[in-house]
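Visitor: make a model of this:
(2 chains)
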Amino acid sequence: MEFAGIKSLIFYAFALLTVASAVLVVTVRNIVHAAFSLMITLFGVAGLYVFLQADFLAATQVIVYVGGILVLILFGVMMTSGRLQMRIQIERGQLILGGLVALLILLLLFGVISNTPHWEGIKDDGSTLEPTTRTIGEMIMQGEFLLPFEVVSILLLVALIGAALISRKEVRDEE
Amino acid sequence: MFDQIQQIISNSPRVSSEATGNWAEEFARNRLIPILEHLPFVPAGVAEHFPVSLGTILVMFGACGIFVAIVPLIPLVLVLAERKVSAQIQNRTGPMRVGPWGTLQTLADGVKLIFKEDFIPPQGDKLLFVFAPYIIFACSFAAFAAIPFGQGILISDFNIGIFYIMAISSVVVMGVIMAGWSSNSKWSLLGALRSAAQIVSYEIPLGLSILVVVMLVESLRMQDIVGSQSEGLFSWLIFRTPFTFIGFFVFFISSIAEVNRTPFDLPEAESEIVAGFHTEYSGMRFALFFIAEYANMFAVSAIAATLFLGGWEGILPGYDFLGGMPGFVLKTLFLVFVMMWLRWTLPRLRVDQLMNLCWKYLLPIAFFNILGVGIWGLIFPKDSRLSIIISMAIIVVGIIVTYAVAGKSLSKRPEPQPSSA
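Guide: Have a look, this model is predicted:
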């Protein structure tokens, strides 16, 4: 087996992990189990990012989605329904609508994939990854993404202040 | 035997940062495959046609195996150290019976834990209950992969080393929540919620004080961070600017909170919620939490030593004094000792104090540090003798002023509290 063979083996393992756990997320009846299989999905996606030479993106995926958003989801679930026996309904009626949305997303992704000029995966000679942080930083701070970056940061700041304001108000009302 | 080990240590992974990704491949090509040729039970053709890539993967698995075998020894030592340190602080002798000066006590405790009943709460969620310790254990050990123990002595020199460590250690929260929820016990759930809130909060000042270092070094790679501190004591990042000096303390305080140790041990506060998220665990599963806690303690101390205290670089430029792997381990163990010292000295914080400390003190200080380091970088684009002298002067004056002010406010008698009659 050459390195490429083992590489594709690991790739398919990650792909299988991602897809299988994603299927579990929507089919499992226990909501907390669904949340934890979502964790595996997000981890698998992070692994796939590594295969695209995007190491920074992979770590960001883990830190933001697993360490942040998923914890928030679980917090919500546990605060609202601490019971183990909580079951969620899985409806069959939305099958057609859901399938349509999935198909549209697939078409969208296919368009993105076919329009991407070049794909750069992990090289077969076993060389180390190029650092991506510098490119990302230059693109954001000096390049074409400066305006979107600033707009997003203002948006986040507004959201933060809004959240603080809303939670403050409740405290004042209680008093 | 010792010579051979030393040869392997000094030869195999000692590579420059450009070629670090290939150490396993080099090792496979130069050492593993020649060994195969000499083994009697391997057929003649195998070694010649043995693919290097498969060898590389075997070497990497082997390295991981050795690593997984060695790293649990750290908690084994640290647990004993903790008991001895606490005994000294409380004027006791600590464990003395098992082995000379009680040195084998942890081993005996470990054996005891293995033989204990593996109790799984029948009303709980069995699957998640079983998996939770594995997640915590795996994540706290995965962080070790990027910690540079010495020149080239690290498993993988990622481009994003320190960011990887942050990412992988943020997953520990998931394990804690899993453990707390699946136990189906009030104490566990309360502990898990406290722990999650605490870790998520303290991750922010922690990350921001790492950012201060990254701004100065301009790299996330661990070996670059160590490499930038190679010119002796005053090139250590803690002394490089006054802001990194403050940043070190912010980092250290936040990392104590990250590993849930006193004074931030609310998630496992014995007097309130029995043992927090691992209340229902027993036997080997409990031992996994225990080992992970001490491994985490070592890991965060090692990261602090790498980021701020020069890593494996010594005090004097060009000399190995307090440098190399022994120096690095010494620095790390010192920080671990400080953690133990704090644990047995300070009382536990209340929840509101905990959150106040994080959001009202550490976070603004961390932002101030980032601003400060940015301005410092504009004034002194390169480190010079002048910048170091100014930095040291500010640090020394700052310490004296802080000491004077804090001393004055601490020496005031506390107001007598109204008794709750």
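
Visitor: elements contacting the top helix by length along chain A?
Guide: Taking DSSP state H as the criterion, chain A has its longest helix at helix A:146-174. The criterion is 3 or more C-beta pairs under 8 Å, 6 or more residues apart in numbering or on different chains; DSSP states H and E, and the helices and strands that helix A:146-174 contacts are helix A:133-141. C-beta coordinates here come from the backbone N, C-alpha and C atoms, glycine included.

Visitor: quick check: angle from the helix it packs on to helix A:146-174?
Guide: Inter-element angle recorded for helix A:133-141 and helix A:146-174: 80 degrees (by axes from the mean of the first three to the mean of the last three C-alpha atoms, to 10 degrees).

Visitor: for residue B:303, give me the pLDDT.
Guide: At residue B:303, the pLDDT value in this model is 90.

Visitor: ok, it touching residue B:161?
Guide: No - using C-beta atoms under 8 Å, residue B:303 and residue B:161 do not qualify as a contacting pair, with a distance of 9.8 Å.

Visitor: how about whatever residue of the stretch 301-421 of chain B ends up closest to chain A, nearest residue that isn't a chain neighbour?
Guide: Using C-beta to the nearest C-beta, the single residue of the stretch 301-421 of chain B nearest to chain A is residue B:359, 10.5 Å away. In this structure, residue B:359 finds its nearest non-sequential neighbour in residue B:201, 6.9 Å apart by C-beta to C-beta, 6 or more residues apart in numbering or on different chains.

Visitor: CA atoms only for stretch A:35-43, dumped as CSV, please.
Guide: Included here for stretch A:35-43 are C-alpha records, laid out as CSV according to Å, rounded to 0.1, in the frame of the first residue of the first chain:
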residue,chain,number,x,y,z
ALA,A,35,-26.6,16.1,20.3
PHE,A,36,-23.6,13.9,21.0
SER,A,37,-23.7,12.3,17.6
LEU,A,38,-23.7,15.8,16.2
MET,A,39,-20.4,16.2,18.0
ILE,A,40,-19.0,13.2,16.1
THR,A,41,-20.3,14.8,12.8
LEU,A,42,-18.6,18.0,13.6
PHE,A,43,-15.4,16.2,14.4
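
Visitor: and for the residue of the stretch 301-421 of chain B closest to chain A, the neighbour number?
Guide: 14 (other C-beta atoms under 10 Å in any protein chain shown).

Visitor: and if you look at the one 4 residues further on?
Guide: The burial metric for residue B:363, expressed as a neighbour count using other C-beta under 10 Å, is 18.

Visitor: and it, helix, strand or coil?
Guide: Per DSSP: H, G, I helix; E, B strand; the rest coil, the local secondary structure of residue B:363 is helix.

Visitor: contacting residues for it?
Guide: Residues counted as contacts of residue B:363 (C-beta atoms under 8 Å, 6 or more residues apart in numbering or on different chains) are B:204, B:205, B:208.

Visitor: of the residues you listed, which belong to helices?
Guide: By the criterion of DSSP H, membership of these in helices covers B:204, B:205, B:208.

Visitor: from these, which is closest to residue A:40?
Guide: Nearest to residue A:40 out of these is residue B:204 (C-beta to C-beta; 25.8 Å).

Visitor: in space, what's closest to that closest one - neighbours in sequence excluded?
Guide: Excluding its sequence neighbours, the residue lying closest to residue B:204 (C-beta to C-beta, 6+ apart) is residue B:363, at 6.1 Å.

Visitor: these two touch, right, residue B:327 and residue B:312?
Guide: Yes - the pair residue B:327 / residue B:312 is scored as a contact, 6.2 Å apart, by C-beta under 8 Å.

Visitor: neighbour count winner among these two?
Guide: For residue B:327 against residue B:312, the residue with the higher neighbour count under other C-beta under 10 Å is residue B:312, and the figures read 27 against 21.

Visitor: can I assume that one sits in a strand?
Guide: No - secondary structure assignment (three-state DSSP) places residue B:312 in coil, not in a strand.

Visitor: for it, give me phi and psi.
Guide: Its backbone dihedrals place residue B:312 at phi -90, psi 10, with angles given as degrees, to the nearest 10.

Visitor: that older thread, kindly state the pLDDT recorded for the residue nearest to residue B:204?
Guide: Looking at residue B:363, the pLDDT reads 90.

Visitor: most proximal residue of the stretch 51-200 of chain B with respect to chain A?
Guide: Checked against chain A (C-beta to the nearest C-beta), the nearest residue in the stretch 51-200 of chain B is residue B:170, 2.9 Å away.

Visitor: distance of residue A:113 relative to residue A:45?
Guide: Distance, residue A:113 to residue A:45, by C-beta to C-beta, to the nearest Å: 15 Å.

Visitor: who has more neighbours, those two?
Guide: The residue with more neighbours, out of residue A:113 and residue A:45, is residue A:45; 19 against 9, by other C-beta under 10 Å.

Visitor: Three-state assignment for that one, please.
Guide: Three states are possible here, and by three-state DSSP the one that applies to residue A:45 is helix.

Visitor: got a list of what it touches?
Guide: Residue A:45 makes contact with A:18, A:61, according to C-beta under 8 Å, 6+ apart.

Visitor: quick check: domain ranges of chain A?
Guide: As recorded under automatic domain parsing, the domains making up chain A are A:1-86, A:92-117, A:130-175.

Visitor: mind putting those into CSV with distance to residue B:331?
Guide: As requested, these are exported to CSV (distance: least, C-beta to C-beta, whole Å):
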stretch, distance to residue B:331
domain A:1-86, 26
domain A:92-117, 46
domain A:130-175, 27
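
Visitor: can you give me the helices in the stretch 51-200 of chain B?
Guide: When secondary structure is read from DSSP state H, counting those that start in this stretch, the stretch 51-200 of chain B shows helices at B:52-70, B:73-89, B:105-115, B:126-142, B:161-170, B:172-182, B:186-217.
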